[in-house]
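Engineer: Sequence and computational prediction follow.
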Amino acid sequence: MEVKGILYDHHLTLIGPYTSLQGVFQGPLWYYLLAIPTFLAHGDPWGAVVLMLIISMSTILIATFFMNKLFGKTAALFTLFLFTFSPEAIAAATYSWNPHPMWLLIILYIFILFFVVERKLKYHLFLWPIIFLMFHFETALAVFFFIGTLLYLGIFHRVVYKTKFFVLGFIVGVSLFLPQVLFDIRHEFLMTKSVMRLFQGSTQGLTVKGEDYSYVALVKNHIDLFYYNFRTTFPRDGYLQYLPQVVLVYLLFSLGSVFRKKKKDKDTSFAFIHMITGMVVIMFLLSLLYPFPIRYWFLTGFQGFFLVLLGLLFSRTWEKRIGKVFLIFVGVLFFFYGSIRLYNLYALPDYGGIAKFQGKIDAVKTLYQEADEKEFNVLIFTPPVYTDVYDYLLWWYGKKRFGFVPRYEKGDSFFLLIEPDPEKPWSYNGWLETVVKTGNIEYTKQLRSGLIIQKRTLNENKK
């Protein structure tokens, strides 16, 4: 709906999706990025999925290219393989969500940071803009990257700050905040005040009612979330349910072996492993200072650190005979279960119920058919209250196919479109008894998807 506003209602925006922090918004780049495929697809929501495919493929190709350039074909092939069958990487290519472009930004960040560490100081011109671009997609993680990068370079590579490229890159990065700054000025510093209230003890929506946010509980939450993020990097169902634990043990032993050996001069792989490990540790330690629970989406794309690190470590293990046996065994399991997942996602016919596009668009078609393609009134119920999905589909499909959009009000006759809550299938009854109230029920239809369409008419006494 925001993209519709930009493209078709000519309402430009200075902010993107809201964040968990009340009154603070992401940058608007996500909406303008979505506007490109939406325009090319004439409003078809499928355009957003194509965009995610392009972003995901770009992520894999960039990771493979730089791993090959830095560490050779073996490391590149292992990295490619790991990305291809990572469940979260697959998810990022499957549906559009504003944190998902973080996958691409994080992969670019990893290699550009490494070039800076290797004293290729011109890459400051790319490093800081990429970090500030993250504020347009997942602000919470962007904050950790910004502080973490300053700390890592300050602790291990302080000399790289002594260049004009750092200043120039930082200035370019800060300029990407301009839309949010203009929004803040126009709205009496709404976002600034919200951030300041945090320092005055307000949680500003970062906790939910009844949630324990004592320090011990928070530390446990942060450890659990980082571990969960690591686990989601790999297939973990069926016989592979313990694969993340096996990979973690392998990772710890491999890192121990790497750091026990004396660093060789110009050992590129050691410097890369040191950088990845250092950043992951710093980001985790920073999380321990964060006085609120971490939500799982805060770390979207952080799995990229583990994938490129394992791609390099696997290539080193491959040089040993026993390592080949281990990796072939793990690779076969990856391929088998990853292929099953891909097949289930894309090959099997899946109508999808109330959660997927086909069921929703069929409900929209049914409304127009039941109204004999004449103008009608409709009221919509969804469990989260917001009706933006159906608002968009009625605007896009209805206007394109039938030339009009229904009125969202009661009339002499009107339809109800009801999306039942799978966990509380009776919950819409409260809506019927409070918001709808009036009208005689002509008929009720439950569609194949589980969505419900009901037609009501007002009699003379109730008009």
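Structural biologist: Thanks, I have the structure now. Source: prediction; values computed, not measured. Numbers count the residues shown, from 1 in each chain.
Engineer: residue boundaries of the strands in the stretch 301-450 of the chain?
Structural biologist: Assigned by DSSP state E, counting those that start in this stretch, the stretch 301-450 of the chain shows strands spanning 378-381, 413-418, 440-446.
Engineer: Return the second one as PDB; C-alpha atoms alone will do.
Structural biologist: Pointing back at strand 413-418 there. Taking Å, rounded to 0.1, in the frame of the first residue of the first chain, the C-alpha atoms of strand 413-418 are listed here in PDB:
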ATOM      1  CA  SER A 413     -26.600  -5.100   1.000                       C
ATOM      2  CA  PHE A 414     -22.900  -5.700   1.800                       C
ATOM      3  CA  PHE A 415     -20.400  -8.500   1.900                       C
ATOM      4  CA  LEU A 416     -18.100  -9.600   4.800                       C
ATOM      5  CA  LEU A 417     -14.700 -11.000   4.000                       C
ATOM      6  CA  ILE A 418     -13.500 -12.900   7.000                       C
END
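Engineer: who touches it?
Structural biologist: Strand 413-418 is contacted from outside by 363, 367, 370-371, 376-381, 390, 406, 428, 431-432, 436, 439, 442, 451-458, using CB atoms under 8 Å, 6 or more residues apart in numbering. C-beta here means a position set from N, CA and C on the backbone, and glycine is covered the same way.
Engineer: For PyMOL, write a command that selects the buried ones of these.
Structural biologist: Per 16 or more other CB atoms under 10 Å, the buried members of the contacts of strand 413-418 correspond to this PyMOL selection:
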select buried, resi 363+367+371+376+377+378+379+380+381+390+406+428+431+432+436+439+451+452+453+454+455+456
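Engineer: So which of the contacts of strand 413-418 sit within helices?
Structural biologist: Mapping the contacts of strand 413-418 onto helices (DSSP state H) picks out 363, 367, 370, 390, 428, 431.
Engineer: returning to what we had before: just send the strands of the stretch 301-450 of the chain back as a markdown table, with distance to residue 196 too.
Structural biologist: Formatted as a markdown table, the strands of the stretch 301-450 of the chain follow (distance: least, CB to CB, whole Å):
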| stretch | distance to residue 196 |
| --- | --- |
| strand 378-381 | 38 |
| strand 413-418 | 42 |
| strand 440-446 | 50 |
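Engineer: Looking at those, which is nearest to residue 240?
Structural biologist: strand 440-446 (37.6 Å; CB to CB).
Engineer: Hmm, residue 22 and residue 195 touching each other?
Structural biologist: No: using CB atoms under 8 Å, residue 195 makes no contact with residue 22, being 10.4 Å away.
Engineer: Of all the residues in the least confident helix or strand in the chain by mean pLDDT, which ones are buried?
Structural biologist: Comparing every helix and strand of the chain by mean pLDDT, DSSP states H and E singles out helix 321-346 as the least confident one, with a mean of 82. In terms of neighbour count (16+ other CB under 10 Å), helix 321-346 has its buried residues at 323, 326-327, 330, 333-334, 337-338.
Engineer: Dump these to TSV, plus distance to residue 103.
Structural biologist: Formatted as TSV, the buried residues of helix 321-346 follow (distance: CB to CB, whole Å):
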residue	distance to residue 103
323	28
326	27
327	24
330	23
333	24
334	19
337	21
338	17
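Engineer: ok so, going back, the least confident helix or strand of the chain packs against which elements?
Structural biologist: On a contact count with 3 or more CB pairs under 8 Å, 6 or more residues apart in numbering; DSSP states H and E, helix 321-346 meets helix 73-85, helix 87-94, helix 243-260, helix 303-317.
Engineer: rewinding a little: could I get the strands of the stretch 301-450 of the chain as TSV with distance to residue 86 and mean pLDDT?
Structural biologist: Formatted as TSV, the strands of the stretch 301-450 of the chain follow (distance: least, CB to CB, whole Å; pLDDT from 0 to 100):
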stretch	distance to residue 86	mean pLDDT
strand 378-381	37	96
strand 413-418	37	95
strand 440-446	38	94
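Engineer: quick one, domains of this protein?
Structural biologist: 2-346, 353-462 (automatic domain parsing).
Engineer: Can you tell me which of those domains is packed in deepest?
Structural biologist: domain 2-346 (a mean of 17; mean count of other CB atoms under 10 Å).
Engineer: from the middle of its chain, how far away would that one be?
Structural biologist: 10 Å (CA atoms, centre = their mean, to the nearest Å).
Engineer: Can you verify my assumption that residue 381 contacts residue 429?
Structural biologist: No: applying CB under 8 Å as the test, residue 381 and residue 429 come out as separate, 10.0 Å apart.
Engineer: Between all of the ones in helices among the contacts of strand 413-418, which two are separated the most?
Structural biologist: So, these by CB to CB: farthest apart are 370 and 431, at 20.2 Å.
Engineer: Where do the strands of the stretch 1-150 of the chain begin and end?
Structural biologist: Going by DSSP E, counting those that start in this stretch, the stretch 1-150 of the chain shows no strands.
Engineer: which residues of the stretch 101-250 of the chain fall in helices?
Structural biologist: 102-117, 124-133, 139-156, 164-175, 178-186, 190-198, 215-231, 243-260 (DSSP state H, counting those that start in this stretch).
Engineer: if we can go back for a sec, need the helices and strands packed on helix 321-346 in CSV (columns: distance to residue 394 and mean pLDDT).
Structural biologist: CSV is the format used below for the helices and strands packed on helix 321-346 (distance: least, CB to CB, whole Å; pLDDT from 0 to 100):
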stretch, distance to residue 394, mean pLDDT
helix 73-85, 38, 94
helix 87-94, 25, 89
helix 243-260, 43, 91
helix 303-317, 37, 96
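Engineer: and of these, who's closest to residue 179?
Structural biologist: The nearest among the helices and strands packed on helix 321-346, by CB to CB, is helix 87-94 at 24.6 Å.
Engineer: What lies in contact with the closest one?
Structural biologist: By CB under 8 Å, 6+ apart, helix 87-94 touches 49, 52-53, 55-57, 59-60, 83, 100, 103, 232-236, 300-301, 303, 307, 341-342, 345.
Engineer: go on, stretch 140-153?
Structural biologist: Contact with stretch 140-153 is made by 19-20, 99, 102, 109, 113, 116-117, 127, 131-132, 134-135, 160-161, 275, 278-279, 282-283, 286-287, 294-295, 298-302, as judged by CB under 8 Å, 6+ apart.
Engineer: give me that answer again for 7 Å
Structural biologist: For stretch 140-153, the external contacting residues (CB atoms under 7 Å, 6 or more residues apart in numbering) are 19-20, 102, 109, 113, 131, 134-135, 160-161, 278-279, 282-283, 286, 298-299, 302.
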